[in-house]
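Chemist: Give me a 3D structure for the following:
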Amino acid sequence: MPLLMGWLQLIMSIFSDNPLGFNKLKVFPMQMQNFVDVLMGSFLLALPWTYAFSGQVFLPHFILGLALLLKGIFAVESPFLTRPHRTLPEGNITSVDSLEGKLNH
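Modeler: Reported below is the predicted structural model:
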């Protein structure tokens, strides 16, 4: 399970809109990657007790899961710490593109 989660993290890092990702492959916003980090970190944190191998080894899963969870919550573009943006009148859709300067011509 951690190997699968590691591959998913690598793929998300390559295709996300971060400075270290590929320039032409920026498909996922950083807020999405941070949300996935929180989900995977919490799952990795609980994995030894979920599959009942905490008596053998739990420290690597606990440390890396906690690090991933905290990274996803306290990152700069985290969806958990960003201010709410103004909503558009059409269906209460929230747009962050106008605030990030992506809609400037």
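Chemist: Only alpha carbons, please: show the longest helix seen in the chain as CSV.
Modeler: Assignment by DSSP state H gives helix 30-50 as the longest helix of the chain. Below are the C-alpha coordinates for helix 30-50, written out as CSV (Å, rounded to 0.1, in the frame of the first residue of the first chain):
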residue,chain,number,x,y,z
MET,A,30,-1.5,22.8,-5.9
GLN,A,31,-4.7,22.9,-3.7
MET,A,32,-5.7,19.5,-5.2
GLN,A,33,-2.2,18.1,-4.5
ASN,A,34,-2.3,19.4,-0.9
PHE,A,35,-5.8,17.9,-0.4
VAL,A,36,-4.5,14.5,-1.7
ASP,A,37,-1.5,14.8,0.7
VAL,A,38,-3.9,15.2,3.6
LEU,A,39,-5.9,12.2,2.6
MET,A,40,-2.9,10.0,2.0
GLY,A,41,-1.1,11.2,5.1
SER,A,42,-4.1,10.4,7.3
PHE,A,43,-4.5,7.0,5.6
LEU,A,44,-0.7,6.2,6.0
LEU,A,45,-0.9,7.4,9.6
ALA,A,46,-3.7,4.9,10.4
LEU,A,47,-2.4,2.0,8.2
PRO,A,48,-0.6,0.0,10.9
TRP,A,49,-3.7,-0.1,13.2
THR,A,50,-6.1,-0.7,10.3
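Chemist: who's in contact with the helix or strand following it?
Modeler: Heading C-terminal from helix 30-50, the first helix or strand you meet, by DSSP states H and E, is helix 59-74. Helix 59-74 has contacts (C-beta atoms under 8 Å, 6 or more residues apart in numbering) with 2, 9, 34-48, 78, 80-81. For glycine as for every other residue, the C-beta is placed from the backbone atoms N, C-alpha and C.
Chemist: Fine by me, thanks again.
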